[in-house]
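Asks: here you go, sequence then predicted model.
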Amino acid sequence: MSTELSDIAKASARGGLFLFLGNASSTIIMAFASILIARLLGPENYGLYAVAMIAPTFLIALSDLGISKALIRFSARFCSEGEGRKVVGLIKAGIIFKFIFLLLLSLVMFLLSDSIAIWVLQRPGIGLLIRFASIYLVGEAIFTTLNSVFIGLDETKNTSLLMNIQAVTKAVASPLLIILGMGAIGAILGAGLSFLLAAVIGVGVLFLRIFPNLYGRNHGENVDFFQGMRLMVSYGMPLYLSAIIFSFLGQFQSFVLVLFVSNTEIGNYNVAMHFSVLVTLITFPIVMSLFPAFSKLSIRKDRDMVEKMFKLSVKYISLLVIPASFAVAVLSTEIVGTLYGSQYGLAPGYLALYILGFLCAGLGMFVVGSFFNGQGDTWATFRVNLINLGLSMPLAFIMVFFYGVRGLIVSLLASQFLSTIYGLFLARKKYEVTIDWASSLRTGAASLASTALVYTFITYAPIPIPAFKLAAGGFLYLASFLVFAPLLRVIRKVDIENLDELLQALGPMYPIARRILNVEEKILALHVTI
């Protein structure tokens with residue numbers, strides 16, 4: 001890799017490491033909390049808890065106006081240009097707007113809670129749950145905005161800090177309130193308080209430490225509230241519309257489930273969705289690091305670097321996501337059985353089917369959006385998401401009506417695949433960038449080979465305890481993939497060199513990564529010799 005591209009890649013790797021560590025630790029804590037909440041509430045009440053959270057989730061997306069994504073891009077861009085005062089002005093404008101707007105939305109949801117319960121969610125008895133969920137709104141929205149700011153400023157260690165504060169608070173507060181007799185209300189109240197606490201701490205870090213550093217080390221013009229809002233909204237409006245599409249789509253899918261599916265099946269579906277974070281642990285830090293990285297490059301000025309970065313990003317994300325997806329799918333029964341027990345018997349099938357959607361990583365699903373947004377082409381992102389919406393809505397309604405939860409998952413897979421293909425088509429047509437198709441196919445083949453081996457093992461292995469079978473199957477999958485990857489030319493010598501250069505940014509984790517690369521080098525050398 002060129003020196004400049006290598007520097008950008010290393011910066012992204014460092015940021016990605018902090019995000020991964022923070023996301024992984026907070027996810028483990030949140031998973032523990034979710035398991036405990038689900039066990040304490042049971043499938044019926046857990047389903048009601050999930051239904052009550054539909055309204056605040058939709059309103060949070062409604063409030064953003066694309067400001068969070070705009071803050072990532074412009075914070076990265078202006079800091080690289082030395083305009084720290086402009087960054088401060090933009091951040092202040094974004095936080096003030098979000099706080100005021102969310103207070104108003106929270107009040108509206110509080111006043112209309114009974115109407116939402118009766119006419120929208122078809123659950124007349126959950127009006128009180130929705131009123132408590134209004135607390136969730138302000139804290140979660142400010143929490144998300146602060147995380148975007150820290151990512152754009154390369155302060156991802158603060159993002160990790162806030163994630164873990166929120167997770168620990170929820171893990172303590174929600175189960176405690178349930179045990180004290182508050183039931184689903186306690187679960188919702190604990191979630192809301194956790195976001196409020198993390199948001200308050202994040203604002204303190206921002207104003208007391210980050211802003212003084214920006215003023216002290218940078219110059220440039222400041223921007224007032226209205227200038228900042230115009231700049232962010234003009235860039236972020238397509239992304240805001242995209243967020244509304246995704247939120248509306250998610251709520252529509254939930255609404256369709258409410259109409260045609262029992263609370264027990266919804267509870268099982270939500271349990272399955274919790275385990276999709278096993279793959280999101282990988283994708284989230286990479287995608288969030290790629291966004292500011294692409295923002296620092298212009299395809300007009302740096303075409304060769306952008307093309308190479310696009311292709312390598314898809315290749316190396318696929319190298320992580322595709323095998324992880326197959327592993328979760330083949331071990332779904334053991335995963336759910338170990339953590340949730342036998343009462344959520346439908347969840348493994350839902351999980352195994354849903355997780356296959358992550359295979360679209362090989363088609364650029366996790367890179368195309370960051371590429372478009374980093375280049376300032378947010379309308380391209382909007383068009384891709386609009387295609388997803390147009391496909392998902394009719395498919396979801398029809399498939400859920402006939403096939404229940406599995407029908408919904410199939411509709412998600414179909415719309416996701418087709419919209420990803422369309423995004424890749426736009427990237428090729430407008431910017432002449434594409435993926436390494438052969439590499440994606442080889443990664444899929446190696447993953448499928450490991451999956452077949454593990455499936456045979458868990459089917460016939462005389463191991464009665466799910467946790468032991470999960471550990472053995474997981475180790476077998478990892479070991480076999482590390483063998484199949486060089487044998488099937490998923491990893492080549494140039495990839496090992498690129499990965500070695502990139503992984504040096506991981507600091508204390510680099511020696512572990514280097515040992516894995518040494519194993520891959522030996523297997524590759526043996527294959528070449530044979």
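Replies: Right, received. Where do you want to start?

Asks: based on its surroundings, how many neighbours for residue 320?
Replies: By the measure other Cβ atoms under 10 Å, the count of residues near residue 320 is 17. Where C-beta positions appear, they are placed from N, C-alpha and C, glycine not excepted.

Asks: what residues are up against it?
Replies: With contacts defined as Cβ atoms under 8 Å, 6 or more residues apart in numbering, residue 320 is in contact with 282, 286.

Asks: residue 36 now?
Replies: Under the criterion of Cβ under 8 Å, 6+ apart, the contact partners of residue 36 comprise 171, 175.

Asks: please identify which helix or strand holds it.
Replies: According to DSSP states H and E, residue 36 maps onto helix 3-52.

Asks: and the residue nearest the centre of the chain, how far from residue 26?
Replies: Among the residues of the chain, residue 284 comes closest to the average C-alpha position under Cα atoms, centre = their mean, at 4.4 Å. Applying Cβ to Cβ, to the nearest Å, the value for residue 284 to residue 26 is 11 Å.

Asks: flag the shaky bits of the stretch 51-200 of the chain, pLDDT-wise.
Replies: Counting by pLDDT under 70, the stretch 51-200 of the chain has low-confidence residues at 61.

Asks: in stretch 140-160, what counts as buried?
Replies: For stretch 140-160, burial by neighbour count (16 or more other Cβ atoms under 10 Å) applies to 140-156, 158-160.

Asks: what about those residues, which are in helices?
Replies: When the buried residues of stretch 140-160 are checked against helices using DSSP state H, the ones located there are 140-152, 156, 158-160.

Asks: quick one: list the elements packing against the lengthiest helix in the chain.
Replies: The single longest helix within the chain, with elements called by DSSP H, is helix 378-431. Packing partners of helix 378-431 (3 or more Cβ pairs under 8 Å, 6 or more residues apart in numbering; DSSP states H and E): helix 225-260, helix 263-275, helix 347-354, helix 368-374.

Asks: now the third one and helix 263-275, what's the angle there?
Replies: Meaning helix 347-354. Using axes from the mean of the first three to the mean of the last three Cα atoms, to 10 degrees, the direction of helix 347-354 lies 50 degrees away from that of helix 263-275.

Asks: pLDDT on helix 347-354, on average?
Replies: Computed over helix 347-354, the mean pLDDT rounds to 86.

Asks: could you do the shortest one as well?
Replies: Across helix 368-374, pLDDT averages out at 84.

Asks: can you tell me what sits against that helix?
Replies: 69, 73, 239, 287, 290-297, 306, 310, 378, 380-381, 384, 420, 423-424, 426-427, 431, 433.

Asks: for ChimeraX, what selects the buried ones among these?
Replies: In ChimeraX, selecting the buried portion of the contacts of helix 368-374, with burial taken from 16+ other Cβ under 10 Å, looks like this:
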select :69,73,239,287,290,291,292,293,294,295,296,297,306,310,378,380,381,384,420,423,424,426,427,431,433
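
Asks: just put the helices and strands packed on helix 378-431 in CSV and tack on distance to residue 30.
Replies: Shown next, in CSV, are the helices and strands packed on helix 378-431 (distance: least, Cβ to Cβ, whole Å):
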stretch, distance to residue 30
helix 225-260, 18
helix 263-275, 8
helix 347-354, 17
helix 368-374, 24
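
Asks: what's the closest of the ones you listed to residue 398?
Replies: For residue 398, the closest of these is helix 225-260, at 9.6 Å, according to Cβ to Cβ.

Asks: so what secondary structure elements neighbour that closest one?
Replies: In this structure, helix 225-260 makes packing contacts with helix 3-52, helix 54-62, helix 67-80, helix 84-111, helix 263-275, helix 378-431, judged by 3+ Cβ pairs under 8 Å, 6+ apart.
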